[in-house]
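Participant: Okay, sequence plus prediction incoming.
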Amino acid sequence: MRENMTVYLALLRAAVLARLEYRADFLMGIAGVFILNAGTLATSWVLLSRFENLHGWLFWEIVFLYNLWLLGHGIRAIFFRHINMLEQFIVEGTFDQLLTRPANPLVQFLGREVHYLGVGDVLLALTMLTLSYQNLHLDWSWWMFLWFALIALSSAIVEAAMTLLLACTSFFTTRSRAIVNAASLFSWGVVQQYPLDMFNNVLRGIVTIILPFAFMNYYPSLLFLGKADQVPFGFLTWFAPVVALILTLLAVRMWNFSITKYQSTGS
(Lines give C-alpha, C1' and ligand atoms only; values in the text may rest on other atoms or scores of the structure.)
Protein backbone atom coordinates (compact mmCIF):
# COMPACT_ATOMS: atom_id res chain seq x y z
CA MET A 1 0.00 0.00 0.00
CA ARG A 2 2.76 2.43 0.99
CA GLU A 3 4.76 1.54 -2.12
CA ASN A 4 1.73 2.18 -4.35
CA MET A 5 1.15 5.55 -2.71
CA THR A 6 4.81 6.51 -3.20
CA VAL A 7 4.64 5.59 -6.88
CA TYR A 8 1.35 7.47 -7.32
CA LEU A 9 2.68 10.66 -5.71
CA ALA A 10 5.85 10.54 -7.82
CA LEU A 11 3.79 10.17 -11.00
CA LEU A 12 1.45 12.94 -9.87
CA ARG A 13 4.33 15.32 -9.27
CA ALA A 14 5.73 14.63 -12.75
CA ALA A 15 2.29 15.20 -14.31
CA VAL A 16 1.85 18.51 -12.48
CA LEU A 17 5.27 19.77 -13.57
CA ALA A 18 4.47 18.83 -17.16
CA ARG A 19 1.18 20.76 -17.07
CA LEU A 20 2.81 23.87 -15.59
CA GLU A 21 4.91 24.22 -18.73
CA TYR A 22 1.78 25.38 -20.58
CA ARG A 23 0.54 28.22 -18.37
CA ALA A 24 -1.29 30.15 -21.10
CA ASP A 25 -3.26 27.03 -21.99
CA PHE A 26 -4.01 26.59 -18.29
CA LEU A 27 -5.50 30.11 -17.93
CA MET A 28 -7.52 29.85 -21.15
CA GLY A 29 -8.93 26.53 -20.02
CA ILE A 30 -10.07 27.95 -16.68
CA ALA A 31 -11.73 30.91 -18.44
CA GLY A 32 -13.59 28.50 -20.71
CA VAL A 33 -14.86 26.51 -17.72
CA PHE A 34 -16.25 29.66 -16.12
CA ILE A 35 -18.09 30.59 -19.31
CA LEU A 36 -19.52 27.09 -19.79
CA ASN A 37 -20.85 26.80 -16.25
CA ALA A 38 -22.14 30.37 -16.26
CA GLY A 39 -24.40 29.33 -19.14
CA THR A 40 -25.81 26.43 -17.10
CA LEU A 41 -26.51 28.69 -14.13
CA ALA A 42 -28.15 31.25 -16.41
CA THR A 43 -30.53 28.56 -17.66
CA SER A 44 -31.55 27.77 -14.09
CA TRP A 45 -32.08 31.46 -13.38
CA VAL A 46 -34.36 31.84 -16.42
CA LEU A 47 -36.46 28.84 -15.33
CA LEU A 48 -36.79 30.01 -11.75
CA SER A 49 -37.51 33.61 -12.73
CA ARG A 50 -40.66 32.25 -14.38
CA PHE A 51 -41.70 29.62 -11.84
CA GLU A 52 -40.13 30.97 -8.61
CA ASN A 53 -39.14 27.46 -7.50
CA LEU A 54 -38.66 23.92 -8.78
CA HIS A 55 -40.62 21.48 -6.64
CA GLY A 56 -40.01 23.65 -3.59
CA TRP A 57 -36.36 24.41 -4.34
CA LEU A 58 -35.41 28.09 -4.60
CA PHE A 59 -32.88 29.54 -7.02
CA TRP A 60 -29.97 29.63 -4.56
CA GLU A 61 -30.77 26.09 -3.43
CA ILE A 62 -30.54 24.96 -7.07
CA VAL A 63 -27.25 26.84 -7.34
CA PHE A 64 -26.00 25.02 -4.24
CA LEU A 65 -27.16 21.66 -5.64
CA TYR A 66 -25.42 22.17 -8.99
CA ASN A 67 -22.18 23.51 -7.54
CA LEU A 68 -21.90 20.74 -4.96
CA TRP A 69 -21.85 18.38 -7.93
CA LEU A 70 -19.43 20.68 -9.78
CA LEU A 71 -17.03 20.68 -6.82
CA GLY A 72 -16.82 16.89 -6.73
CA HIS A 73 -16.68 16.71 -10.50
CA GLY A 74 -13.88 19.29 -10.57
CA ILE A 75 -11.77 17.41 -8.03
CA ARG A 76 -12.28 14.22 -10.02
CA ALA A 77 -11.44 16.01 -13.27
CA ILE A 78 -8.13 17.32 -11.90
CA PHE A 79 -6.79 13.91 -10.94
CA PHE A 80 -8.82 11.30 -12.81
CA ARG A 81 -10.32 12.81 -15.96
CA HIS A 82 -8.21 10.49 -18.10
CA ILE A 83 -10.14 7.47 -16.82
CA ASN A 84 -12.61 8.33 -19.60
CA MET A 85 -9.82 7.69 -22.10
CA LEU A 86 -9.01 4.11 -21.08
CA GLU A 87 -10.47 3.02 -24.41
CA GLN A 88 -7.90 5.14 -26.23
CA PHE A 89 -5.04 3.69 -24.17
CA ILE A 90 -6.12 0.17 -25.14
CA VAL A 91 -6.85 0.83 -28.83
CA GLU A 92 -3.56 2.67 -29.38
CA GLY A 93 -1.55 0.07 -27.49
CA THR A 94 -0.37 2.60 -24.90
CA PHE A 95 -1.71 0.39 -22.12
CA ASP A 96 1.01 -2.18 -22.88
CA GLN A 97 3.56 0.21 -21.38
CA LEU A 98 1.88 -0.05 -17.98
CA LEU A 99 2.24 -3.83 -17.99
CA THR A 100 5.97 -3.81 -18.68
CA ARG A 101 6.91 -1.66 -15.67
CA PRO A 102 7.51 -2.97 -12.12
CA ALA A 103 4.55 -1.09 -10.60
CA ASN A 104 0.83 -1.61 -10.16
CA PRO A 105 -0.84 -0.88 -13.55
CA LEU A 106 -3.84 0.80 -11.87
CA VAL A 107 -1.58 3.11 -9.85
CA GLN A 108 0.37 3.99 -12.99
CA PHE A 109 -2.81 4.66 -14.92
CA LEU A 110 -4.41 6.84 -12.24
CA GLY A 111 -1.25 8.88 -11.72
CA ARG A 112 -0.51 9.35 -15.38
CA GLU A 113 -2.04 12.81 -15.84
CA VAL A 114 -3.55 15.83 -14.14
CA HIS A 115 -6.00 18.14 -15.89
CA TYR A 116 -6.15 21.90 -15.38
CA LEU A 117 -9.80 22.23 -16.47
CA GLY A 118 -10.88 20.78 -13.15
CA VAL A 119 -9.22 23.70 -11.35
CA GLY A 120 -11.68 26.09 -12.99
CA ASP A 121 -14.58 23.87 -11.93
CA VAL A 122 -13.38 23.83 -8.32
CA LEU A 123 -12.80 27.60 -8.15
CA LEU A 124 -16.20 28.39 -9.64
CA ALA A 125 -17.96 25.83 -7.45
CA LEU A 126 -16.43 27.22 -4.26
CA THR A 127 -17.36 30.76 -5.28
CA MET A 128 -20.97 29.88 -6.04
CA LEU A 129 -21.33 27.69 -2.96
CA THR A 130 -20.13 30.61 -0.84
CA LEU A 131 -22.69 32.91 -2.47
CA SER A 132 -25.40 30.29 -1.93
CA TYR A 133 -24.46 29.96 1.73
CA GLN A 134 -24.75 33.72 2.18
CA ASN A 135 -27.97 34.21 0.22
CA LEU A 136 -29.69 31.28 1.93
CA HIS A 137 -28.58 32.61 5.33
CA LEU A 138 -27.21 29.23 6.34
CA ASP A 139 -25.52 28.88 9.72
CA TRP A 140 -23.53 25.66 9.96
CA SER A 141 -21.74 24.47 13.04
CA TRP A 142 -18.05 23.62 12.82
CA TRP A 143 -18.65 19.90 12.29
CA MET A 144 -20.85 20.65 9.27
CA PHE A 145 -17.91 22.27 7.50
CA LEU A 146 -15.81 19.17 8.18
CA TRP A 147 -18.65 17.02 6.84
CA PHE A 148 -18.81 19.25 3.77
CA ALA A 149 -15.11 18.61 3.07
CA LEU A 150 -15.70 14.86 3.41
CA ILE A 151 -18.68 15.08 1.05
CA ALA A 152 -16.64 16.95 -1.56
CA LEU A 153 -14.04 14.16 -1.49
CA SER A 154 -16.73 11.45 -1.49
CA SER A 155 -18.44 13.09 -4.45
CA ALA A 156 -15.22 13.02 -6.46
CA ILE A 157 -14.64 9.36 -5.55
CA VAL A 158 -18.20 8.37 -6.51
CA GLU A 159 -17.76 9.82 -10.00
CA ALA A 160 -14.23 8.46 -10.45
CA ALA A 161 -15.19 4.95 -9.31
CA MET A 162 -18.33 4.86 -11.45
CA THR A 163 -16.35 6.02 -14.47
CA LEU A 164 -13.67 3.38 -13.89
CA LEU A 165 -16.31 0.66 -13.53
CA LEU A 166 -17.85 1.58 -16.86
CA ALA A 167 -14.52 2.21 -18.59
CA CYS A 168 -13.35 -1.31 -17.72
CA THR A 169 -15.73 -2.63 -20.37
CA SER A 170 -13.07 -1.58 -22.89
CA PHE A 171 -10.94 -4.54 -21.75
CA PHE A 172 -13.61 -6.79 -23.27
CA THR A 173 -14.84 -4.73 -26.23
CA THR A 174 -11.97 -2.21 -26.72
CA ARG A 175 -14.73 0.43 -26.65
CA SER A 176 -16.13 2.09 -23.57
CA ARG A 177 -16.38 5.80 -24.28
CA ALA A 178 -19.96 5.55 -25.53
CA ILE A 179 -21.26 3.92 -22.35
CA VAL A 180 -19.24 6.30 -20.13
CA ASN A 181 -20.57 9.34 -21.99
CA ALA A 182 -24.14 8.00 -21.97
CA ALA A 183 -24.04 7.51 -18.19
CA SER A 184 -22.56 10.97 -17.68
CA LEU A 185 -25.17 12.63 -19.89
CA PHE A 186 -27.97 10.79 -18.14
CA SER A 187 -26.64 11.89 -14.78
CA TRP A 188 -26.17 15.46 -16.00
CA GLY A 189 -29.75 15.65 -17.25
CA VAL A 190 -31.34 14.16 -14.13
CA VAL A 191 -29.19 14.71 -11.05
CA GLN A 192 -26.76 17.54 -11.49
CA GLN A 193 -29.07 20.41 -12.36
CA TYR A 194 -32.40 19.55 -10.74
CA PRO A 195 -33.66 18.21 -7.39
CA LEU A 196 -34.23 14.47 -7.57
CA ASP A 197 -37.60 14.63 -5.81
CA MET A 198 -39.18 16.18 -8.90
CA PHE A 199 -38.64 12.96 -10.89
CA ASN A 200 -40.53 9.66 -10.77
CA ASN A 201 -39.50 6.64 -8.71
CA VAL A 202 -37.88 4.84 -11.65
CA LEU A 203 -35.40 7.64 -12.33
CA ARG A 204 -34.76 8.06 -8.62
CA GLY A 205 -33.98 4.37 -8.33
CA ILE A 206 -31.58 4.43 -11.27
CA VAL A 207 -29.46 7.32 -9.96
CA THR A 208 -29.60 6.00 -6.40
CA ILE A 209 -28.87 2.29 -6.94
CA ILE A 210 -27.74 1.50 -10.51
CA LEU A 211 -25.83 4.69 -11.34
CA PRO A 212 -25.61 6.29 -7.89
CA PHE A 213 -24.61 9.76 -9.03
CA ALA A 214 -27.28 11.19 -6.71
CA PHE A 215 -24.80 10.73 -3.86
CA MET A 216 -22.57 13.34 -5.46
CA ASN A 217 -24.88 16.23 -4.68
CA TYR A 218 -28.60 15.57 -4.15
CA TYR A 219 -28.57 13.41 -1.03
CA PRO A 220 -25.72 15.30 0.69
CA SER A 221 -27.39 18.67 -0.05
CA LEU A 222 -30.51 17.59 1.86
CA LEU A 223 -28.56 17.88 5.11
CA PHE A 224 -26.76 21.08 4.19
CA LEU A 225 -30.02 22.80 3.19
CA GLY A 226 -32.17 21.39 5.99
CA LYS A 227 -34.38 19.30 3.70
CA ALA A 228 -33.60 15.78 4.92
CA ASP A 229 -36.92 15.44 6.74
CA GLN A 230 -38.96 16.88 3.86
CA VAL A 231 -38.39 14.22 1.19
CA PRO A 232 -38.60 10.41 0.95
CA PHE A 233 -35.37 8.57 1.84
CA GLY A 234 -33.88 11.71 3.35
CA PHE A 235 -31.80 9.50 5.67
CA LEU A 236 -29.59 8.73 2.64
CA THR A 237 -28.05 12.17 3.14
CA TRP A 238 -25.50 10.46 5.43
CA PHE A 239 -24.53 7.67 3.04
CA ALA A 240 -22.28 9.37 0.45
CA PRO A 241 -18.97 8.32 2.09
CA VAL A 242 -20.23 4.74 2.41
CA VAL A 243 -21.30 4.66 -1.24
CA ALA A 244 -17.92 6.10 -2.26
CA LEU A 245 -16.10 3.34 -0.35
CA ILE A 246 -18.28 0.57 -1.80
CA LEU A 247 -17.87 1.87 -5.35
CA THR A 248 -14.10 2.14 -4.90
CA LEU A 249 -13.87 -1.49 -3.79
CA LEU A 250 -16.09 -2.59 -6.69
CA ALA A 251 -14.06 -0.56 -9.20
CA VAL A 252 -10.75 -2.05 -8.01
CA ARG A 253 -12.18 -5.57 -8.16
CA MET A 254 -13.59 -4.90 -11.62
CA TRP A 255 -10.20 -3.57 -12.78
CA ASN A 256 -8.32 -6.58 -11.38
CA PHE A 257 -10.73 -8.98 -13.08
CA SER A 258 -10.87 -7.08 -16.37
CA ILE A 259 -7.12 -6.73 -16.76
CA THR A 260 -6.81 -10.52 -16.81
CA LYS A 261 -8.93 -10.46 -19.98
CA TYR A 262 -6.79 -7.83 -21.69
CA GLN A 263 -5.42 -8.65 -25.10
CA SER A 264 -3.00 -6.24 -26.74
CA THR A 265 -4.22 -4.67 -29.98
CA GLY A 266 -0.68 -4.61 -31.28
CA SER A 267 -0.98 -0.94 -32.24
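Facilitator: Perfect, thanks for sending it. Residues are numbered from 1 along each chain as shown.
Participant: For the helix or strand residue 244 falls within, buried residues please.
Facilitator: With secondary structure defined by DSSP states H and E, residue 244 is part of helix 240-259. Buried residues in helix 240-259, counted by 16 or more other C-beta atoms under 10 Å: 240-241, 243-244, 247-248, 251, 254-255, 258-259. The C-beta positions use only the backbone N, C-alpha and C, and glycine is treated the same way.
Participant: need those in CSV with pLDDT and distance to residue 116, can you?
Facilitator: Formatted as CSV, those follow (pLDDT from 0 to 100; distance: C-beta to C-beta, whole Å):
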residue, pLDDT, distance to residue 116
240, 96, 26
241, 97, 27
243, 97, 28
244, 97, 24
247, 97, 26
248, 96, 25
251, 96, 25
254, 95, 29
255, 93, 26
258, 90, 29
259, 90, 29
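Participant: Show me where the stretch 1-150 of the chain dips below the pLDDT cut-off.
Facilitator: 1-4, 7-55 (pLDDT under 70).
Participant: Tell me where it has helices.
Facilitator: 2-19, 23-51, 59-80, 86-91, 95-99, 105-110, 117-135, 142-167 (DSSP state H, counting those that start in this stretch).
Participant: so what secondary structure elements neighbour the helix or strand that comes right after the last one?
Facilitator: Right, the one you point to is helix 142-167. Following helix 142-167 in sequence order, the next helix or strand is helix 170-173 (DSSP H and E). Using 3 or more C-beta pairs under 8 Å, 6 or more residues apart in numbering; DSSP states H and E, the elements in contact with helix 170-173 are helix 86-91, helix 240-259.
Participant: want to try TSV for the ones you listed, with distance to residue 71 as columns?
Facilitator: Below are the helices and strands packed on helix 170-173 laid out as TSV (distance: least, C-beta to C-beta, whole Å):
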stretch	distance to residue 71
helix 86-91	24
helix 240-259	13
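Participant: Please name whichever of those helices is nearest to residue 132.
Facilitator: Residue 132 sits nearest to helix 240-259 of all those, at 18.5 Å, using C-beta to C-beta.
Participant: what's next to the closest one, contact-wise?
Facilitator: 105-106, 150-151, 153-155, 157-158, 160-162, 164-165, 168-169, 171-172, 212, 215-216, 219-220 (C-beta atoms under 8 Å, 6 or more residues apart in numbering).
Participant: Give me the buried entries from those residues.
Facilitator: By 16+ other C-beta under 10 Å, these give 105-106, 151, 153-155, 157-158, 160-162, 164-165, 168-169, 171, 212, 215-216, 219-220 as buried.
Participant: Residue 101 and residue 87: what is the separation?
Facilitator: Plainly put, residue 101 is 21 Å away from residue 87 if you go by C-beta to C-beta, to the nearest Å.
Participant: Tell me which of those two has more neighbours.
Facilitator: For residue 101 versus residue 87, the count of surrounding residues by other C-beta atoms under 10 Å is larger for residue 87: 21 against 10.
Participant: For residue 126, which non-adjacent residue is closest in space?
Facilitator: Sequence neighbours aside, residue 71 is the residue nearest to residue 126 in space, at 6.8 Å (criterion: C-beta to C-beta, 6 or more residues apart in numbering).
Participant: separation between that neighbour and residue 192?
Facilitator: Following C-beta to C-beta, the distance that separates residue 71 from residue 192 is 12 Å.
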